[in-house]
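Novice: Fold the following and give me the result.
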Amino acid sequence: MPPKRPKLNAVTHCQQLVRSQRKDHFLSSLFAPADTRPHLWALYAFSHELARVQHVVHEPLAGEVRLQWWRDALETGGQGHPVAEAICATIAQFTLPLAPFHAMIDAHVFDVYHDPMPSLNDLEGYAGETDAAEIFLAMLILNDGKPHDGAELAGHAGCAWALCNVLRLLPMHRAMGRVYVPADILAQFGCTAHDVLNAPEKPELQQVLGAVLDRINWHMAQMRALSNAADAHVQPSFRYVHGVAKYARRMRNTKINYYIHTLHFAPLNHILTILFK
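Specialist: Just a heads-up that it's a prediction; the model follows:
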């Protein structure tokens with residue numbers, strides 16, 4: 001039997017949310033079978049709701065309370081909230097494990113505090129519990145809930161995506177007083193989180209950016225090698241990550257300070273990158 005969809009209003013809400021806020025994910029979802037798309041949208045909408053907590057609270061305690069609400073919603077069914085209802089329906093439909101969802105929530109606790117990211121290992125651990133977990137859960141949905149040997153592929157794809165966003169969103173994070181650039185990489189070039197926030201034109205910060213780009217390219221190479229052997233039906237789960245290569249190439253342009261200026265591509269150009277990867 002085809003998967004049962006979440007309630008129609010919940011599906012519509014998640015579709016519109018993902019289409020407006022996570023365009024890369026939405027475009028990739030169009031390559032998935034139509035009956036799985038509402039479940040992918042539910043997953044992506046859930047991830048978006050967790051990530052936006054840091055943007056809607058002013059105190060860490062308030063953020064923790066919001067994240068606790070999501071923990072409780074996973075246990076109670078989330079009635080009354082379209083995204084909570086949709087993700088709970090998806091979990092039930094595919095018998096998805098709850099542990100990755102709770103780990104995702106726990107990882108986002110870091111977001112509501114203003115602590116700098118301690119190390120590359122910590123950042124990749126964060127990526128593993130957020131972006132990589134999301135990709136792996138999407139693989140399970142596309143594999144009808146059956147176990148799938150895609151954890152390593154999801155790990156590299158999720159890390160590449162997360163590290164790319166650390167660089168791409170530098171101006172926004174700086175405005176929020178947040179530093180996701182790992183402290184150990186900053187220290188390698190004589191920089192600190194204070195420099196990222198207050199001295200973005202410090203020349204050594206460009207070397208920091210280059211080191212992160214090197215790590216992104218390594219993850220992308222690993223992802224490509226593993227994706228060659230991946231089943232075609234799970235590839236929509238990470239299709240959007242192929243766009244990272246374009247961002248990485250552009251950020252090698254040291255004439256632009258990406259600590260200050262956000263990298264943008266023309267919408268059509270970006271769409272074509274995903275559609276014809």
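Novice: By residue count, tell me the biggest helix in the protein.
Specialist: What stands out as the longest helix in the chain, according to DSSP state H, is helix 204-227.
Novice: what helices or strands is it leaning on?
Specialist: Applying 3 or more CB pairs under 8 Å, 6 or more residues apart in numbering; DSSP states H and E, one finds that helix 204-227 contacts helix 151-168, helix 183-188, helix 193-198, helix 244-251. The way it works is simple: take the backbone N, C-alpha and C, and place the C-beta from them, glycine included.
Novice: That one vs helix 244-251, what angle?
Specialist: Helix 204-227 and helix 244-251 are oriented at 160 degrees to each other (axes from the mean of the first three to the mean of the last three CA atoms, to 10 degrees).
Novice: Let me see the mean pLDDT of helix 204-227.
Specialist: Across helix 204-227, pLDDT averages out at 97.
Novice: Show residues contacting that helix.
Specialist: Identification of contacts with helix 204-227 by CB atoms under 8 Å, 6 or more residues apart in numbering yields 120, 152-153, 156-157, 159-160, 163-164, 166-167, 181-182, 185-186, 188-191, 195-196, 199, 235, 238, 241, 244-245, 248, 251-252, 254, 257-259.
Novice: same question, stretch 186-199
Specialist: With CB under 8 Å, 6+ apart as the test, stretch 186-199 has contacts from 116, 170, 174, 177, 179, 181, 183, 202, 204-205, 207-208, 211, 259.
Novice: Repeat the analysis, applying 6 Å as the threshold.
Specialist: Among residues not part of stretch 186-199, those counted as contacts by CB atoms under 6 Å, 6 or more residues apart in numbering are 116, 174, 179, 181, 202, 204-205, 207-208.
Novice: List the buried residues for that stretch?
Specialist: The neighbour-count check on stretch 186-199 (16 or more other CB atoms under 10 Å) flags 186, 189, 191, 193, 195-197 as buried.
Novice: Buried ones among the contacts of helix 204-227?
Specialist: 120, 153, 156-157, 159-160, 163-164, 166-167, 181-182, 185-186, 189, 191, 195-196, 235, 238, 241, 244-245, 248, 251, 258-259.
Novice: low-scoring pLDDT stretches of the stretch 1-150 of the chain, where are they?
Specialist: Low-confidence segments of the stretch 1-150 of the chain, defined by pLDDT under 70, span residues 1-8.
Novice: just the helices in it please.
Specialist: Counting by DSSP state H, counting those that start in this stretch, residue ranges of the helices within the stretch 1-150 of the chain are 8-21, 23-29, 37-51, 53-56, 60-76, 82-94, 99-107, 120-129, 131-142.
Novice: mind putting those in TSV, distance to residue 220 included?
Specialist: Output for the helices of the stretch 1-150 of the chain, formatted as TSV (distance: least, CB to CB, whole Å):
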stretch	distance to residue 220
helix 8-21	24
helix 23-29	15
helix 37-51	21
helix 53-56	27
helix 60-76	30
helix 82-94	28
helix 99-107	22
helix 120-129	13
helix 131-142	14
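Novice: right, so of these, which gets closest to residue 264?
Specialist: With respect to residue 264, and counting by CB to CB, the nearest of the helices of the stretch 1-150 of the chain is helix 23-29 at 12.5 Å.
Novice: Could you list every helix and strand in contact with the closest one?
Specialist: In this structure, helix 23-29 packs against helix 8-21, helix 37-51, with contacts taken as 3 or more CB pairs under 6 Å, 6 or more residues apart in numbering; DSSP states H and E.
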